[in-house]
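In: What would the 3D arrangement of this be:
(one chain, ligands or ions: 1)
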Amino acid sequence: MAKIYSKITGTGGYLPTKKLSNYDLEKIVETSHQWIVDRTGIRNRHIAEDNQSTSDLGLYASEEAIKNAGLKNNDIDLIIVATTTPDQVFPSTACLLQQKLKINNNCPAFDVQAVCSGFVYALSVADSFIKTKSAKNALVVGAETLSRIVNWHDRTTCVLFGDGAGAVVLSASEKPGILSTHLHANGSYAELLQVQGGIGNKDSDNNHQFIEMKGNEVFKMAVNTLGKIADETLKKHNMQKEDIDWLVPHQANLRIINATAKKLRLDPEKVIITVQEQGNTSSASVPLALHTGVSDGRIKEGETILLEAFGGGFTWGSALLKL
Ligand code: UT7
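Out: Numbering: from 1, shown residues only. Here you go, the predicted structure:
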């Protein structure tokens with residue numbers, strides 16, 4: 001019997017219309033366009049309208065991915081949403097998305113929470129469903145409204161984040177698709193990047209939960225860890241760095257992306273970068289970058305792509321795949 005792979009058959013992305021530039025931020029906190037560009041590469045980020053929730057952003061990205069896969073909504077038989085900013089405590093954002101997509105085939109739908117690594121985690125779970133023939137067409141979404149958990153008085157974090165959603169359809173195929181996924185976490189670093197409190201914490205003030213980050217420490221860990229996971233992934237396949245056609249990294253900071261590409265000795269032209277115009281959209285950043293590279297024609301069928309992400313937890317992960 002032929003080996004079953006899961007293959008990306010469609011991608012989609014959505015960014016809210018409203019943009020917030022570095023110059024807009026200069027009016028809110030003590031910062032400057034030049035500082036933000038020099039330290040992060042970010043120039044703009046998108047902000048959801050008050051009446052837009054995470055599942056609304058996910059809906060647009062999902063519709064595009066399903067259309068690009070040549071499928072109908074009801075062909076989807078698994079929905080996984082990676083998000084840190086769910087619409088509600090429950091039902092899951094995946095169930096709310098299922099409702100908005102009018103998918104009525106009773107397929108499983110659930111959320112994955114691994115912050116900025118969430119999409120890579122979700123992709124790995126969906127890959128397992130497909131390889132074990134528990135699903136044929138999985139919708140995997142990374143969607144965030146991070147602007148709702150940003151402290152707009154904290155210049156060390158508010159300049160970094162943005163809202164958006166990216167989605168892929170992963171379908172069972174006899175042609176090589178996802179070659180392997182690698183997931184890791186180390187909870188002992190929890191307090192370096194966190195939103196304190198939560199619904200299950202009796203003492204927390206749930207109206208005042210904001211992103212807190214020890215940026216410098218996170219930066220160092222991110223650069224080191226992303227280099228290591230790339231090596232781990234290539235080693236598994238006896239591949240060389242030159243075998244990678246495209247690096248699609250989590251988009252937190254241009255300096256982190258450039259440092260990772262340098263470690264991989266990868267031509268900067270082979271890295272998909274969206275952080276300048278989107279900021280850090282957490283779980284949405286990898287699928288949005290992938291969608292950008294696929295839809296503008298840079299990433300072509302049959303090419304080898306390394307996805308990688310690092311985020312709160314700490315969590316980190318990679319996926320090596322053929323498009
Ligand atoms: O997505 C999950 C993973 N997240 C990340 O990977 C983010 C990792 N961290 C970073 O990207 C960087 O650490 C930051 C962009 C957050 C900060 O850059 P940095 O080069 O590490 O700066 P720093 O935190 O060491 O701060 C340098 C200076 C400080 O002033 P002093 O103490 O040297 O006087 C900050 O107070 O820059 C100051 N600063 C700012 N100045 C103007 C911090 N934020 C700002 C700001 N505007 N927005």
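
In: What is the burial count for the residue of the stretch 151-300 of the chain found nearest the ligand?
Out: Nearest to the ligand in the stretch 151-300 of the chain, going by CB to the nearest ligand atom, is Gly215, at a distance of 2.9 Å. (Glycine included, C-beta is placed from N, CA and C.) Per other CB atoms under 10 Å, the neighbour tally for Gly215 reads 16.

In: Would you check that it makes contact with Thr156?
Out: Yes: assessed by CB atoms under 8 Å, Gly215 is found in contact with Thr156 at 6.0 Å.

In: which parts of the stretch 51-200 of the chain sit against the ligand?
Out: For the stretch 51-200 of the chain, the contact set with the ligand under CB under 6 Å from any ligand atom comprises 116, 155-156, 159.

In: Buried ones from those, can you make that a ChimeraX selection?
Out: In ChimeraX, a selection of the buried entries from those looks like this (16 or more other CB atoms under 10 Å):
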select :116,155,159
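
In: Looking at the residues of the stretch 51-200 of the chain next to the ligand, point me to the pair that's furthest apart.
Out: Using CB to CB, those span at most 20.4 Å, a distance reached by Cys116 and Arg155.

In: Identify the bridge partners of Gly166.
Out: Gly13, Gly142 (DSSP bridges).

In: Am I right that it is in contact with Val286?
Out: Yes: using CB under 8 Å, Gly166 makes contact with Val286 at a distance of 7.1 Å.

In: more neighbours, these two?
Out: Gly166 (34 against 31).

In: need the contact list for the more buried one.
Out: Gly166 makes contact with 11-14, 61, 119, 141-143, 284-291, according to CB atoms under 8 Å, 6 or more residues apart in numbering.

In: Do a quick rundown of the strands in this protein.
Out: 5-14, 19-21, 44-46, 78-82, 109-112, 137-144, 164-173, 178-185, 193-195, 211-213, 246-249, 304-311, 315-322 (DSSP state E).

In: so where's the stretch 151-300 of the chain uncertain?
Out: Applying pLDDT under 70 to the stretch 151-300 of the chain flags residues 206-207.

In: what does the domain assignment say about the protein?
Out: According to automatic domain parsing, the chain comprises the domains 5-175, 179-322.

In: okay, those, which one's buried deepest?
Out: Most buried of the domains of the chain by mean neighbour count (mean count of other CB atoms under 10 Å) is domain 5-175; its value is a mean of 21.

In: measure it end to end?
Out: Start-to-end span of domain 5-175 (CA to CA, to the nearest Å) is 7 Å.

In: And stretch 82-95, by the same measure?
Out: Stretch 82-95 has an end-to-end distance of 12 Å (CA to CA).

In: For it, the averaged confidence score.
Out: The average of the pLDDT scores along stretch 82-95 is 98.

In: Can you tell me what sits against it?
Out: So stretch 82-95 is contacted by 53-55, 58, 79-81, 96, 109-115, 118-119, 121-122, 140-146, 148-149, 195, 199, 282-283, 312 (CB under 8 Å, 6+ apart).

In: residue ranges of the helices in this structure, please?
Out: 22-26, 33-40, 54-68, 93-100, 118-131, 155-158, 215-236, 254-263, 275-278, 285-295 (DSSP state H).

In: Minimum distance to Ile47: which of those has it?
Out: Closest among the helices of the chain, once you apply CB to CB, is helix 22-26, at 9.7 Å.

In: tell me, what's touching Gly166 and Val286 both at once?
Out: With CB under 8 Å, 6+ apart as the test, Gly166 and Val286 both reach 119, 142.

In: Grab the most central residue of the protein for me.
Out: When CA atoms, centre = their mean is applied to the chain, the residue found nearest the centroid is Ser283 (3.0 Å).

In: what about it, distance to Lys3?
Out: 29 Å (CB to CB, to the nearest Å).

In: Can you read off the backbone torsions of the nearest residue to Glu26 once chain neighbours are set aside?
Out: Closest residue to Glu26 apart from its sequence neighbours, by CB to CB, 6 or more residues apart in numbering: Ser32 at 6.1 Å. Main-chain dihedrals, Ser32, degrees, to the nearest 10: phi -140, psi 150.

In: Look up how far Pro16 lies from Val218.
Out: 26 Å.
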